[in-house]
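In: Quick one: sequence plus predicted model below, questions after.
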Amino acid sequence: MPAPRGALMIGQSGGPTAVINASLVGAVEAARQHDCITGVYGMRHGIEGVLKEDLVDLGGQSAQTLAGLKQTPSAALGSCRRKLSDADYQRILAVLEAHGVRYFCYIGGNDSADTSYRVGKLAAESGYELYAVGIPKTVDNDLGFTDHCPGYGSVARFNAMATRDAGRDTEAIGIVDNVKIIETMGRNAGWITASTVLGKETETDPPHVVLLPEVAFRPEPFLAAVKHTFERLGYCLVTVCEGLRGEDGREVVASQRALDTDQFGHRQLGGVADFLVDLVASNLGIKARFDKPGTIQRMFMLAASPVDVEEAYLVGATAVHQAVAGVTGQMVTLVRESNHPYRCTTGLAPLQEVANAERPLPPEFIGPDGMSLTAQYLEYARPLIGGPLPPYARLEPLKVPPCT
């Protein structure tokens, strides 16, 4: 059966990343290879662009613009976090029909997968021929059914470099600021925080303590680890996930303001590093301070992983090729074939199952102390950050003898 003639609609959703635009470019350039695709439209600010019929002509973009966009961070179309009503879905289908859209690709995480699934399902129930394929994206790396997510390799490279550099800073000024705590992004899964270990070359390199939401936080072991490291090295660097949870299963720190809760019920996180600084100072009498990169870590293009860029492009292009081939209700996945050399291909997973699956760090990636990562994690993550970090040096211990 020949592919139907019609337009392709693409949108970007959720938190922007360093490589989400590479997925957009991959989809647009793939669409140009298919005569059945009569136009390529971009949704402004995600699915809200369809609801408001605020669309961008992506098919008319120049080759120069697309080439530059592949290396540009953030979401070029704009993004959103919107929970849709039944009336919204009816409106979406009406707009898609009005513009002759037969192919629908949405770049995002769990909530975007759910949106894509529901749009495709409604179209099928209404007798409208539409092929909906999801394109994965999340720095949190917590989507199920895929080896890893576009966006993760770059945020991981940023945090590996930032932690290594912050460690040098703290080591140098340790007589003044003895403990440094770095708060990374992450809600229920500690993938981003785990990546802070990827710059370690020796056992004494930072981070010395890693706090993950998969491991219930207990103050006593944490303080003991900080004290031991400080006494041994003269300084200590801790990395912590903003979604750190206590033994009661609740976030250690989260905003209580209604304004800071999104439509999906996610409370704004942040402030756990400040909490830990106070804990260290109050209980150990050691001066501590914190760094919080915030949202810059997810789109810092100077630290973008070349592997991440190319894989983001790949999943965008693959989604369009699959939709034209008659696939619908699926998300493109990344399937690792080899680590040595690193090689990855694509697969498919049902959107409905992706929408309802969240993947935490597996137990085998977490050290037995609950505050470190294993060699298995390093084997998994290092290929994703795009090669080794820039080499650093240390002065040789050549002392000048005293004159007296």
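Out: Noted; the coordinates are in hand. The structure presented is a predicted model; accordingly, all values stated were derived computationally and were not measured.

In: Show me where the stretch 251-400 of the chain has its helices.
Out: 272-284, 306-324, 351-355, 375-381 (DSSP state H, counting those that start in this stretch).

In: Tell me which of those is the most buried.
Out: A comparison of the helices of the stretch 251-400 of the chain by mean neighbour count, using mean count of other Cβ atoms under 10 Å, puts helix 306-324 on top with a mean of 24. In short, each C-beta sits where N, CA and C put it, glycine included.

In: just checking, what packs against that one?
Out: Counting contacts by 3 or more Cβ pairs under 8 Å, 6 or more residues apart in numbering; DSSP states H and E, helix 306-324 is packed against helix 20-31, strand 101-108, strand 131-136, helix 152-172, strand 330-339, strand 342-350.

In: Now do the contacts for Gln322.
Out: Residues counted as contacts of Gln322 (Cβ atoms under 8 Å, 6 or more residues apart in numbering) are Val133, Gln330, Val332, Leu348.

In: Show me which of those residues is closest to Tyr342.
Out: The closest of those to Tyr342 turns out to be Val332 (Cβ to Cβ; 18.7 Å).

In: ok so, going back, go through the contacts of Gln322 and give me the one with the most neighbours.
Out: Val133 (28 neighbours; other Cβ atoms under 10 Å).

In: tell me the domain ranges of this protein?
Out: 6-150+304-355, 154-302+360-385 (automatic domain parsing).

In: Quick check: which of those domains is nearest to Pro402?
Out: domain 154-302+360-385 (21.4 Å).

In: and the contacts of Gln322 as a markdown table, adding pLDDT?
Out: A markdown table is the format used below for the contacts of Gln322 (pLDDT from 0 to 100):
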| residue | pLDDT |
| --- | --- |
| Val133 | 98 |
| Gln330 | 98 |
| Val332 | 98 |
| Leu348 | 98 |
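
In: now, among the residues you listed, which is nearest to Cys241?
Out: The closest of these, once distances to Cys241 are taken by Cβ to Cβ, is Val332, at 27.3 Å.

In: Specify the beta-bridge partners of the closest one.
Out: Note on Val332: beta-bridge partners by DSSP bridges are Leu348.

In: Show the contacting residues for it.
Out: Val133, Gly134, Ile135, Pro136, Val315, Thr318, Ala319, Gln322, Thr346, Gly347, Leu348.

In: What separation do you get for the fourth one and Phe230?
Out: Distance check for Pro136 against Phe230: by Cβ to Cβ, to the nearest Å, it reads 41 Å.

In: what about the two, which has more around it?
Out: Neighbour comparison, Pro136 and Phe230: the larger count goes to Pro136, with 30 against 19 (by other Cβ under 10 Å).

In: That one contacts Ala319, correct?
Out: No. Contact criterion Cβ atoms under 8 Å: Pro136 and Ala319 do not qualify, at 9.2 Å.

In: how about CSV for the helices of the stretch 251-400 of the chain, with distance to Thr38 added?
Out: As requested, the helices of the stretch 251-400 of the chain are exported to CSV (distance: least, Cβ to Cβ, whole Å):
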stretch, distance to Thr38
helix 272-284, 50
helix 306-324, 12
helix 351-355, 25
helix 375-381, 42
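
In: Which of the ones you listed sits closest to Lys292?
Out: Going by Cβ to Cβ, the one of those nearest Lys292 is helix 272-284, 5.8 Å.

In: for the stretch 101-250 of the chain, what spans make up the strands?
Out: Along the stretch 101-250 of the chain, counting by DSSP state E, counting those that start in this stretch, strands occupy 101-108, 131-136, 179-184, 209-211, 236-241.

In: what pLDDT, on average, does the shortest one get?
Out: For strand 209-211, mean pLDDT rounds to 98.

In: What strands line up against it, and which way round?
Out: strand 236-241 (parallel).

In: The strand it pairs with vs helix 272-284, what angle?
Out: Computed by axes from the mean of the first three to the mean of the last three Cα atoms, to 10 degrees, the angle separating strand 236-241 from helix 272-284 equals 140 degrees.

In: ok, the spatially most central residue of the chain to Ala281 distance?
Out: When the chain is reduced to its mean C-alpha position, the nearest residue by Cα atoms, centre = their mean turns out to be Val139, at 0.2 Å. Val139 sits 31 Å away from Ala281, going by Cβ to Cβ.

In: For Asp205, the count of nearby residues, please.
Out: Neighbour number of Asp205 under other Cβ under 10 Å is 16.

In: residue contacts, the residue lying closest to Pro219 once chain neighbours are set aside?
Out: Take Pro219 and drop its neighbours on the chain: the residue closest to it by Cβ to Cβ, 6 or more residues apart in numbering is Leu279, 6.2 Å away. Neighbouring residues of Leu279 by Cβ under 8 Å, 6+ apart: Pro219, Phe222, Leu223.
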